[in-house]
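Asks: For reference, the sequence and a predicted model appear below.
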Amino acid sequence: MSTAVSIEGVSKRFRLYAERNQTLKATVVNRRRVAYEELWALRDVNLEIPVGSTFGLVGENGSGKSTLLKCISRILTPDEGRISVRGDVAALLELGAGFHPELSGRENVYLNGSILGLSGRALDKRFDDIVEFAGLERFIDAPVKNYSSGMYVRLGFSVAINVDPAILLIDEVLAVGDEAFQRRCNEKIAELKASGRTIVVVSHALGVMRDLCDQIAWLENGRLQNVGTAASVVDGYLGQAHVDRVEEKGAGTRWGSGEARIEHIEILDDSGKPTTSARTGQDLVVRLHYNSTRRITQPVFGVAIFALTGAHVTGPNTKDAGFDIPAIEGKGHLDLAFRDLPLLQGTYDLSASLYDSAVLSPYDFRHLAVRFDVEPGAPAELHGGVVSLRGGWSLTPYG
Amino acid sequence: MEPMKEPRDDDLKVLPRGSSVADVIRARELLWNLTLRDLRGRYRRSTLGWAWSLVTPLATILIFTLVFRYVLRIPVPAGDPSGLESFALYLVCGLISWNFIANSVNGSMDVLIGNGNLIKRVYFPRATLVIASVGSATVTLGVELSVLGVVLLVVGSPFLPLLPILVLVIAFQAAFVLGLALALSVANVYFRDLQYVVAILLQLGFYAAPIIYPVSLVPERAVVAGLEIPVATLYHLNPAVRFVEAYRDILYDGRIPPATTFAALVLSAVLALGLGILVFRKLEIRLAEEL
């Protein structure tokens, strides 16, 4: 199999300025330009990414994975080593970068497209697709400063994905827009993957990475720690590196009257420690920390879990369960325990709500507030789906 | 989506350090769009819009005419051979040339820093931003020149046959200005005091070029602290002087600039552009991290 991206001995050094003022005075006083420390963001990284594969980069914040992506996309230039690519490269790093607020959506599509390397003719041909994919037919001639942030990002994604490069670089942009748009993004990426494009993706959503990628490289402090099949690297990474994010912020929204609030949502593992990563078959507790400014009788708490595809996996609440809460006032927490978690490996979003007794008006609704990963456990069902129904196999040979 | 025609690009290519001149030329469509962005954004919120680009130079000519006819009665250098006698026009012919240099340099100081978010997030040949900024200043120059041209034709300047020569002068000046802009824009990212130094130098430059006075007022020699200084020779080392003279020769006097002026224009254009490309290519490597 031929190589799409070859990374040979790449190192990248950043300068950390002690005091970031590039001034005459600093120059005169320090006798050099400015005092700085050096930091190796990448150190002697060697990788071969095969044509047509989907390749993931994982690692903690500051491990160098985004730096590597920026080196491949030519935004940064490595200090040592060399990178070779086969075919054109496009990066989905920051969507809508370079939009001019005073110009219309239409003008910005052409401007942004040409920044990304598309010719005017190619843009003419794809213009309708771009606008349709973003769902902005009615607003395309309005200045983008009047767009909502969701519209902005959708148009940015739509232009970028339509560049249709041989090699696509994606950095943490899989979770943009609303659910419907996210699903279309994921479909589009699956389509690109199926049509033989090489995709290099950076994400913290390990569940997604595991499903999406053929191979994964794990970077730590700028050095390559491990590279191999997605499952093996993710498992190794989780084994090593898991005392991390306590609550990962989801992309969600929040509404409600605010008289009582769900201040904090925790996911606890079977030893009672906060985590963002669970395992199929383990016990899991969702802990809702509430704070009520006045006495509320018969409140109803609810939790909902969504798969990244937008599928609503489950949505228990205290009223349906017959769990009676006479009243709340002040602070406290409520636990929802899942025994032998039936969720399969993947990334999930969690919503939590606090309603009045009739479940009509919310005090606090935190939609898609927390994101967590589920790693494969027991029962192991590694080929798709979101839950294990714990079916039992039995074999009866005739004769 | 149709399956990719495999192989789309046959060979594995090593990514170059920075962008080459060829990269910039290949990005000409982007250049055009960036220039349009500059121009379109400019008058976007105003009612008169682009009409302002005509009104502004007209107003300048009018104000100078009033001031120099009724208040400051400076002896007017008569156009030779055009015979024009208007200090306002004399001044504007030089001013327009100087403004092109000053506006381009000023605009370029901010162009990389102002587009920092773009540079940090997308790769494209970075020089296109500077070229587009100079390009949009050139369009402004063009508009101002056409307004001035109409006024000059009305008052009887015979410059029309010399138009191709003026275009040539503008081309040299654009190359000169682009060289300065390339070097200064990228240097300003690393050394942000530069913009203040440049602002002062531009102010000095305005008086160091024959804009509000004729070259004939510059003394041949001066004695400072016992040293004899060849003032006029030094004065003419300033490329801005040559550009201002060339414009005035063509527009106000209606004559072809002397060969020495042309030699100076070509030399300064080549030197500035060469230096600009050199500096830019050296410093653009770490641009995304320094912004």
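Replies: Received the coordinates, thanks.
Asks: next structured bit after the helix or strand A:L219 falls within?
Replies: Under the assignment given by DSSP states H and E, the secondary-structure element containing A:L219 is strand A:215-220. Once the chain leaves strand A:215-220, the next helix or strand it forms, by DSSP H and E, is strand A:223-229.
Asks: Check which helices and strands whichever helix or strand comes after that next one is in contact with.
Replies: Next along the chain after strand A:223-229, taking DSSP H and E as the criterion, comes helix A:230-240. Helix A:230-240 sits against strand A:54-58, helix A:206-212, strand A:215-220, strand A:223-229, strand A:362-375, with contacts defined as 3 or more C-beta pairs under 8 Å, 6 or more residues apart in numbering or on different chains; DSSP states H and E. Backbone N, C-alpha and C define where each C-beta goes, glycine included.
Asks: Show me what the fourth one pairs with in its sheet, parallel or antiparallel.
Replies: In the sheet containing strand A:223-229, its partner strands are strand A:215-220 (antiparallel), by DSSP bridges.
Asks: How far away from the center of its chain is the partner strand?
Replies: On the basis of C-alpha atoms, centre = their mean, to the nearest Å, strand A:215-220 sits 16 Å off its chain's mean C-alpha point.
Asks: what's the angle from that strand to strand A:54-58?
Replies: Between the axes of strand A:215-220 and strand A:54-58, defined by axes from the mean of the first three to the mean of the last three C-alpha atoms, to 10 degrees, the angle is 20 degrees.
Asks: ok and strand A:215-220 relative to helix A:230-240, angle-wise?
Replies: Angular relation of strand A:215-220 and helix A:230-240 on a 0 to 180 degree scale: 20 degrees, by the same axes, to 10 degrees.
Asks: Using CSV, list the CA coordinates for strand A:215-220.
Replies: Below are the C-alpha coordinates for strand A:215-220, written out as CSV (Å, rounded to 0.1, in the frame of the first residue of the first chain):
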residue,chain,number,x,y,z
GLN,A,215,-4.8,3.2,12.8
ILE,A,216,-4.0,5.5,15.7
ALA,A,217,-0.8,7.2,16.8
TRP,A,218,-0.4,8.1,20.5
LEU,A,219,1.8,11.1,21.2
GLU,A,220,3.1,12.1,24.6
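Asks: need the next SSE after the lowest-mean-pLDDT helix or strand in chain A, C-terminal direction.
Replies: Across the helices and strands of chain A, mean confidence by mean pLDDT, DSSP states H and E is lowest for helix A:24-30: a mean of 58. For helix A:24-30, the following helix or strand on the C-terminal side (DSSP H and E) is strand A:36-50.
Asks: Is chain B within reach of that next one?
Replies: No - under the criterion of C-beta under 8 Å from any C-beta of the partner chain, chain B is not reached by strand A:36-50; the shortest gap measures 9.4 Å.
Asks: partners of that strand, with directions?
Replies: Neighbouring strands of strand A:36-50 in its sheet, by DSSP bridges, are strand A:3-17 (antiparallel).
Asks: any idea how far the closest residue to B:L91 other than its chain neighbours is from chain A?
Replies: The spatially closest residue to B:L91, leaving aside those adjacent along the chain, is B:F64, at 5.5 Å (C-beta to C-beta, 6 or more residues apart in numbering or on different chains). The gap separating B:F64 from chain A is 32 Å, by C-beta to the nearest C-beta, to the nearest Å.
Asks: Distance of B:F64 relative to B:V147?
Replies: When distances are taken as C-beta to C-beta, to the nearest Å, B:F64 and B:V147 turn out to be 13 Å apart.
Asks: ok, A:S271 - how many residues close by?
Replies: A:S271 is surrounded by 8 other residues when neighbours are defined as other C-beta atoms under 10 Å in any protein chain shown.
Asks: low-confidence ranges in the stretch 151-300 of chain A?
Replies: Using pLDDT under 70 as the threshold, the predicted model of the stretch 151-300 of chain A has low-confidence ranges A:173-179, A:239-252.
Asks: Get me the contact residues on it for chain B.
Replies: Proximity of the stretch 151-300 of chain A to chain B is confined to A:164, A:166, A:191-192, A:195-197 under the rule C-beta under 8 Å from any C-beta.
Asks: Can you go through those and name the buried ones?
Replies: Burial of those was assessed by neighbour count (16 or more other C-beta atoms under 10 Å in any protein chain shown); the buried members are A:164, A:166, A:192, A:196-197.
Asks: TSV for those, including secondary structure?
Replies: Compiled in TSV, those are given as follows (DSSP: H, G, I helix; E, B strand; the rest coil):
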residue	secondary structure
A:D164	coil
A:A166	coil
A:L192	helix
A:G196	coil
A:R197	coil
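Asks: any idea which of those is closest to A:N146?
Replies: Each of those was scored against A:N146 by C-beta to C-beta, and A:D164 proved nearest at 28.8 Å.
Asks: Got phi/psi on that closest one?
Replies: Main-chain torsions, A:D164, degrees, to the nearest 10: phi 60, psi 60.
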